[in-house]
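> Using only what follows, build the 3D model:
(2 chains)
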Amino acid sequence: VQLVESGGGLVQPGKSLKLSCSASGFTFSSYGMHWIRQAPGKGLDWVAYISSSSGTVYADAVKGRFTISRDNAKNTLYLQLNSLKSEDTAIYYCARWTVATDYWGQGVMVTVSS
Amino acid sequence: DVVMTQTPVSLSVSLGGQVSISCRSSQSLVHNNGNTYLSWYLQKPGQSPQLLIYKVSNRFSGISDRFSGSGSGTDFTLKISRVEPDDLGVYYCGQGTQYPYTFGAGTKLELK
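Below is the predicted model of the structure:
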């Protein structure tokens, strides 16, 4: 199982960014997937979940601003981040769900600053 | 939201020693399906978290039997025996029973 995030970077407040998570080594379409973030020096903060049938759930802090989606043909998970705020600055991890988040990617840094 | 309270915040241990980390939830973590989705993770410096224990007491693939989880309802414990240098880092508990999925604040395990 391998999960590789990409798409991070430095972005101004109010702008947008799209993160990707490329999955391999398992049948991507059969698994729910999470995005979880970690602000610098802080703990883990759950962001969003998408089921294998594309049902979605969001943390209140990102609801209406972030959108999780998946492309099973490309084995890729996405997170569209809109209206970014400084408090969204974090490492963003994608993680596979079975009965826990069993495999995590290496993470991608998103910095929101003017 | 389910609040996960981890104690202690940090632990100093000698190599070969044993430690316990407590995790308490503000609500029962028993799901309607009867499962308890309480997991433990270790984040080593500069790395992403790795799963150690799932559903309270089940060791994930490849995890040493020096790690054991126990508990029920709202009160859970992770025990690490015969501590090795590779065990050092920050331990998190996490619940997946109810959204939003929440984590404890972490326990840093350091060498004495």
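> Please name the nearest non-neighbouring residue to B:Gly94.
Nearest residue to B:Gly94, sequence neighbours excluded (CB to CB, 6 or more residues apart in numbering or on different chains): B:Phe103, at 4.4 Å. Every residue, glycine included, has its C-beta placed from N, CA and C.
> try B:Ser70
Closest residue to B:Ser70 apart from its sequence neighbours, by CB to CB, 6+ apart: B:Thr77 at 5.2 Å.
> and that neighbour, that one's in a strand?
Yes - applying DSSP: H, G, I helix; E, B strand; the rest coil, one finds B:Thr77 inside a strand.
> And it, what's its pLDDT?
We have a pLDDT of 98 for B:Thr77.
> number of nearby residues for the residue nearest to B:Gly94?
Neighbourhood size, B:Phe103 [other CB atoms under 10 Å in any protein chain shown]: 21.
> of all the residues in chain A, which ones are close to chain B?
Neighbours of chain B within chain A, by CB under 8 Å from any CB of the partner chain: A:34, A:36, A:43-46, A:49, A:57, A:59-60, A:93, A:97-107.
> Among these, name the buried ones.
The neighbour-count criterion (16 or more other CB atoms under 10 Å in any protein chain shown) marks A:34, A:36, A:44-46, A:49, A:57, A:59, A:93, A:97, A:100-105, A:107 among these as buried.
> Go ahead and report the secondary structure state at A:Cys21.
Here A:Cys21 is recorded as strand under three-state DSSP.
> any idea which helix or strand carries the residue most central in space within chain A?
In chain A, the centroid-proximal residue (CA atoms, centre = their mean) is A:Trp35; its distance is 3.4 Å. Applying DSSP states H and E as the criterion places A:Trp35 in strand A:32-38.
> how about the residues of chain B that lie near chain A?
Counting by CB under 8 Å from any CB, the residues of chain B that sit close to chain A are B:35, B:37, B:39, B:41, B:47-51, B:54-55, B:60, B:92, B:94, B:96, B:99-106.
> Spit out the contact partners of the residue nearest to the centre of chain A.
A:19, A:21, A:47-49, A:66, A:68, A:77, A:79, A:92-95 (CB atoms under 8 Å, 6 or more residues apart in numbering or on different chains).
> So which of the residues you listed are in strands?
Using DSSP state E, the subset of the contacts of A:Trp35 located in strands is A:19, A:21, A:47-49, A:66, A:68, A:77, A:79, A:92-95.
> could you dump those to a markdown table with pLDDT and distance to B:Leu111?
Converted to a markdown table, the ones in strands among the contacts of A:Trp35 look like this (pLDDT from 0 to 100; distance: CB to CB, whole Å):
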| residue | pLDDT | distance to B:Leu111 |
| --- | --- | --- |
| A:Leu19 | 98 | 36 |
| A:Cys21 | 98 | 34 |
| A:Val47 | 98 | 33 |
| A:Ala48 | 98 | 37 |
| A:Tyr49 | 98 | 36 |
| A:Phe66 | 98 | 39 |
| A:Ile68 | 98 | 39 |
| A:Leu77 | 98 | 37 |
| A:Leu79 | 98 | 37 |
| A:Tyr92 | 98 | 31 |
| A:Tyr93 | 98 | 27 |
| A:Cys94 | 98 | 32 |
| A:Ala95 | 98 | 29 |
